[in-house]
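# quick one, fold the following:
(one chain, ligands or ions: 1)
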Amino acid sequence: MRISTPHPGGPGTGIDLDTVDLFDPELYAVGDPHAIWTVMRERAPVHRQTLPDGRSFWSVTKYHDVNDVLRDHTRFTSNRGTLLSILGGTDPAGGKMMAASDPPVHTAMREPLNKVLSHRALKSRQPQIRRVVHRLLAPLLDGGTWDVAAAGAGFPMAFTGTLMGLPEADWPRLTRLTTMAVAPEDHDFRESAGDSTLTAAHHELFAYFSGQVKRRVRHGFAEDDLIGFLTELEAGGRRLRHDEIVYNCYSLLLGANVTTPHAIAATVLALMEHPQEYRRLLADPSLTTGAVEEGLRWASPANHFMRYVTQDITLRGQELKAGDAVVAWLGSANRDEEVFPEPFRFDVTRSPNRHVAFGFGPHYCIGAPLARIALRLLFEEIVALVEAFAPAGPVEHLTSNFVAGIKRMPLTATLREGAARTLAEAVAADGPVPA
Ligand code: HEM
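Sure thing, here's the model as predicted:
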């Protein structure tokens, strides 16, 4: 998604909120959603859109409203699905997949899984992730053009794939399938007309995970990986059923694959567009953790999550009926000028920075510790290695109303003296990556 800098009272004032189409995936590839959200926060923070086929949804764009919708499962349920792509339908994963369940079903699945995905539990994974980072950055040593979006696309697979115990030969196809599932209208990922790309991706991913689960169950013991863990997991006093395990494998892989690469590309782009901020990082690498958080706020890779209203309610004067869909726009919440002073300024020292890029409340991203570790290790290495980045071609954005993504971003890098040799030695010493 293109990240623009609209000014309240500026050109955005010409936007007609009766005709804007936040559903249209093209908007996020070539349009200007931030200009629309800025006007919505100002004039219509709870806004209803009706699609030509009669389906409709409410949009909330203010930070505190987004938090309320995501936090309160009693008024806003996840059970019927959480993405606009299935607006008006019934999610077959409802009540079976953590992301599409409400407490207490959700809590029973989440608590045990939380333990294996906590920061503490993942500490031992850091050397493996650092090796993945070295391999990702190694092409920079050649001094040619490097496409950070293409390189980043496979990054999560290299640690989530290992964590889940998936064979490396499958990683490229799984990477593509997960993007097909969130951007079926994007011409680079379309394998047949719109909806069928989504269906085909789901079909292949579910069949794949079904096979992975059966293989582990057949072995009669839990392999030391996340899928093995799910086959043994006790939730609410019983083991998960086969379909529940498959849905949650899908959700974990999708959660990691479709978000993390875009946090990388968007942060590098922001640092290129704000060279003074990159210079601050070079001068003081201890700012890297803050830069990663600002990059997450800036990128907001997951654009929205949806809920359904469970009872008639009034929100900022608007009457929402039980059964209505409400979309919480995270990208907008992260630019709410009432919470983030000068929200369109990229500031690696922004504090406080309570962004909602990982959501809020019971469904707060379970992969956040893993994503944070991976992004921090990556940007630590980038700061150590790269003196400056320069664009080497146009940036192309993903056609998706769910993922604020960059699919192509060629650049060149000037490397820091001595750092290239250190990286080359590290790559040679690392050997093959998978643990
Ligand atoms: C920069 C990277 C990431 C971003 C921006 C992100 C964003 C989010 C957001 C906003 C939610 C909340 C969904 C909701 O409220 O309905 C979420 C949930 C989730 N994420 Fe992530 N995510 C990231 C990385 C990951 C990774 C690495 C994994 C896998 C290890 C993952 C797996 C999940 C799962 C399974 C859920 C559902 C949690 C639940 O329902 O309790 N995510 N993510």
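
# stretch 158-172: how far from the chain's middle?
Remark: stretch 158-172 is offset 18 Å from the chain centroid, using Cα atoms, centre = their mean, to the nearest Å.

# that one - what's its average pLDDT?
Stretch 158-172 carries an average pLDDT of 94.

# do stretch 262-274 as well
Per-residue scores along stretch 262-274 average to 97.

# alpha carbons only: can I get that stretch in CSV?
What follows is stretch 262-274, C-alpha atoms only, in CSV (Å, rounded to 0.1, in the frame of the first residue of the first chain):
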residue,chain,number,x,y,z
HIS,A,262,5.9,-6.0,4.3
ALA,A,263,7.1,-4.6,7.6
ILE,A,264,10.7,-5.1,6.3
ALA,A,265,10.1,-3.4,2.9
ALA,A,266,8.0,-0.5,4.2
THR,A,267,10.6,0.2,7.0
VAL,A,268,13.5,0.2,4.5
LEU,A,269,11.4,2.5,2.2
ALA,A,270,10.7,4.8,5.1
LEU,A,271,14.4,4.9,6.1
MET,A,272,15.3,5.7,2.4
GLU,A,273,12.7,8.5,2.3
HIS,A,274,13.8,9.8,5.7
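
# now do the buried residues in it.
Neighbour counts using 16 or more other Cβ atoms under 10 Å place 262-272, 274 of stretch 262-274 among the buried residues. Quick note: C-beta positions are derived from backbone N, CA and C, even for glycine.

# how about that stretch and the ligand, any contact?
Yes. Counting by Cβ under 6 Å from any ligand atom, the ligand has neighbours in stretch 262-274: residue 263.

# ok, back up a step: so of the buried residues of stretch 262-274, which ones are in helices?
Cross-referencing the buried residues of stretch 262-274 against helices under DSSP state H gives 262-272.

# ok, the buried residues of stretch 262-274 vs the ligand, which is closest?
residue 263 (4.1 Å; Cβ to the nearest ligand atom).

# okay, the nearest residue to residue 400 once chain neighbours are set aside and the ligand: tell me how far apart.
Nearest residue to residue 400, sequence neighbours excluded (Cβ to Cβ, 6 or more residues apart in numbering): residue 183, at 3.9 Å. Residue 183 is 16 Å from the ligand, where distance means Cβ to the nearest ligand atom, to the nearest Å.

# doesn't residue 398 make contact with residue 183?
Yes. Judged on Cβ atoms under 8 Å, residue 183 makes contact with residue 398 at a distance of 5.0 Å.

# just to revisit the earlier point, now tabulate the buried residues of stretch 262-274 in JSON lines and tack on distance to residue 115.
Output for those, formatted as JSON lines (distance: Cβ to Cβ, whole Å):
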{"residue": "262", "distance to residue 115": "28"}
{"residue": "263", "distance to residue 115": "25"}
{"residue": "264", "distance to residue 115": "27"}
{"residue": "265", "distance to residue 115": "31"}
{"residue": "266", "distance to residue 115": "31"}
{"residue": "267", "distance to residue 115": "29"}
{"residue": "268", "distance to residue 115": "33"}
{"residue": "269", "distance to residue 115": "35"}
{"residue": "270", "distance to residue 115": "34"}
{"residue": "271", "distance to residue 115": "35"}
{"residue": "272", "distance to residue 115": "39"}
{"residue": "274", "distance to residue 115": "38"}
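
# which two among these are spaced furthest apart?
Farthest-apart pair in those is 262 and 274; separation 17.9 Å (Cβ to Cβ).

# rewinding a little: for residue 332, state which of the buried residues of stretch 262-274 is nearest.
Nearest to residue 332 among those, counting by Cβ to Cβ, is residue 266 at 15.6 Å.

# that closest one is in contact with residue 407, isn't it?
No. The criterion here is Cβ under 8 Å, and residue 266 misses it with residue 407 at 11.9 Å.

# interface residues of this protein facing the ligand?
Contact residues (Cβ under 6 Å from any ligand atom) of the chain with the ligand: 70, 78, 82, 98-99, 110, 156, 160, 251-252, 255-256, 259-260, 263, 301-302, 305, 330, 357-359, 363, 365-367, 370-371.

# residue contacts, residue 239?
231-233 (Cβ atoms under 8 Å, 6 or more residues apart in numbering).

# ok, residue 208 - contacts?
170, 174, 177.

# cool, and residue 99?
Residue 99 makes contacts with 78, 82, 93, 251, 255, 363, as judged by Cβ under 8 Å, 6+ apart.

# possible to save the residues you listed as TSV with neighbour count, pLDDT and distance to residue 280?
Shown next, in TSV, are the contacts of residue 99 (neighbours: other Cβ atoms under 10 Å; pLDDT from 0 to 100; distance: Cβ to Cβ, whole Å):
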residue	neighbour count	pLDDT	distance to residue 280
78	25	98	39
82	25	97	37
93	24	96	44
251	17	97	37
255	22	95	31
363	23	98	34
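
# which SS state does the residue of the stretch 201-350 of the chain found nearest the ligand fall under?
The stretch 201-350 of the chain approaches the ligand most closely through residue 255 (2.4 Å), counting by Cβ to the nearest ligand atom. What DSSP: H, G, I helix; E, B strand; the rest coil gives for residue 255 is helix.
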